[in-house]
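J.: sequence and predicted structure are below.
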Amino acid sequence: MMLKNALSMLIDRVHQSAHLQPLLVNQDVIVQVSAEHESYTVHVAEGDIHIREKEGVLPHVVIHGIVDEVIEMLGSSLKMRTLLKMNKVTFTGSYRHLLLLEAIIHLTKPFENNFLKK
């Protein structure tokens, strides 16, 4: 259930980010995200992103890893490519889809203005 919560939070951040709509408009990607005993399918299509309830659809992308690592990735704490290099996450899909998903995750990251902090 922790993975589903992390996915839901990411999807909420995407829906609140109007600047991502041009990136999502011409997409039709089915992503399976799994970690240990949890597995969910996310559909990115026609400017929207949501968790698919219907199972049995062949995904374009499969992301698998340890729950904590996948959750940190979805929360923008760690980059997907960093986790791939560390062998903490596996990714099956095209490089284009990797870049798309990494951009979506990164661009929903909350803005921190470190220049104004004292």
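T.: Nice, thanks for sending it over.
J.: so which elements touch the helix or strand hosting residue 84?
T.: Assigned by DSSP states H and E, residue 84 falls within helix 80-85. Helices and strands touching helix 80-85, by 3 or more C-beta pairs under 8 Å, 6 or more residues apart in numbering; DSSP states H and E, are helix 67-74, strand 89-92, helix 95-107. (C-beta placed from N, C-alpha, C; glycine too.)
J.: make CSV out of these and add mean pLDDT, mean neighbour count and distance to residue 18.
T.: As requested, the helices and strands packed on helix 80-85 are exported to CSV (pLDDT from 0 to 100; neighbours: other C-beta atoms under 10 Å; distance: least, C-beta to C-beta, whole Å):
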stretch, mean pLDDT, mean neighbour count, distance to residue 18
helix 67-74, 91, 20, 20
strand 89-92, 94, 16, 28
helix 95-107, 90, 15, 11
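J.: of all these, which lies closest to residue 60?
T.: Closest to residue 60 of the helices and strands packed on helix 80-85, according to C-beta to C-beta: helix 95-107, at 6.2 Å.
J.: give me the angle between the closest one and helix 67-74.
T.: Angle of helix 95-107 versus helix 67-74, following axes from the mean of the first three to the mean of the last three C-alpha atoms, to 10 degrees, is 80 degrees.
J.: and helix 95-107, how far out from the chain middle?
T.: Using C-alpha atoms, centre = their mean, to the nearest Å, the mean C-alpha position of helix 95-107 is found 8 Å from that of the whole chain.
J.: nothing else from me, thank you.
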